[in-house]
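**Student:** No sequence on hand, only this structure:
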């Protein structure tokens, strides 16, 4: 499946970005993922504001295929940050990232993206299985355990075991830095 990805999906994703730069930028605005620094091991930390996702735009204006193509390019971007870290360490570091999921504002409205989220979970599982060194969850609300029960089975067991909740004190400390 990984060869299928490299031969088919990645070129399609690059073509999508070239052919539809305005739409790509709009998707990026609707679902922001950004590099916010490095952890103590030098791994890139990627912030994903789940609660701030513009579900209306993504649901009505973006197909599952377009969202998958967008996510593919974002993962390739994140992996390039990981490779840079590995290269800078002389090849000693693993090519892994730390994901910080901010769930502030997460609600039932986000469930409309279920098909799109399952599609990107499958891409991650097949093409980037060991890319996550740690996944932190910030601001988990009362809905989060329910959503994680839905999404958890889609994740590889090793990835599921890397998910940890951040305490509010730690979230506040990180926000101040």
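**Tutor:** All right, it came through fine. Here the structure is a predicted model, which is why all the values come from computation and not from measurement.
**Student:** Which of the three states applies to residue 129?
**Tutor:** With DSSP: H, G, I helix; E, B strand; the rest coil as the basis, residue 129 sits in coil.
**Student:** and the gap between it and residue 42?
**Tutor:** Distance, residue 129 to residue 42, using C-beta to C-beta, to the nearest Å: 21 Å. C-beta: built from backbone N, CA, C; applies to glycine.
**Student:** Tell me the helices and strands packed up against the biggest helix by length in the chain.
**Tutor:** The residue-count maximum for a helix in the chain (DSSP state H) belongs to helix 64-88. Helix 64-88 sits against helix 10-19, helix 21-30, strand 33-38, strand 44-49, strand 97-102, helix 114-127, with contacts defined as 3 or more C-beta pairs under 8 Å, 6 or more residues apart in numbering; DSSP states H and E.
**Student:** Measure how the fourth one sits relative to strand 97-102, angle-wise.
**Tutor:** If you take axes from the mean of the first three to the mean of the last three C-alpha atoms, to 10 degrees, strand 44-49 sits at 20 degrees to strand 97-102.
**Student:** helices or strands up against strand 44-49?
**Tutor:** strand 33-38, helix 64-88, strand 97-102.
**Student:** Now do that strand: everything it contacts.
**Tutor:** Applying C-beta atoms under 8 Å, 6 or more residues apart in numbering, the set of residues contacting strand 44-49 from outside is 32-39, 78, 81-82, 84-85, 97-102, 104.
**Student:** if we can go back for a sec, quick check: mean pLDDT across the longest helix of the chain?
**Tutor:** Helix 64-88 shows a mean pLDDT of 91.
**Student:** okay, residue 171: pLDDT?
**Tutor:** pLDDT, read off for residue 171, is 64.
**Student:** okay, the helices and strands packed on helix 64-88, which one's buried deepest?
**Tutor:** strand 97-102 (a mean of 22; mean count of other C-beta atoms under 10 Å).
**Student:** Neighbouring strands - and their directions - for that one?
**Tutor:** Strand pairing for strand 97-102, using DSSP bridges, gives strand 44-49 (parallel), strand 132-138 (parallel).
**Student:** Show residues contacting the following helix or strand past the last one.
**Tutor:** Read it as strand 132-138. Next in sequence after strand 132-138, counting helices and strands by DSSP states H and E, comes helix 144-151. Residues external to helix 144-151 that are found in contact with it (C-beta under 8 Å, 6+ apart): 103, 106, 110-111, 114, 117, 121, 137, 163.
**Student:** show me the contacts for residue 107.
**Tutor:** 51, 143.
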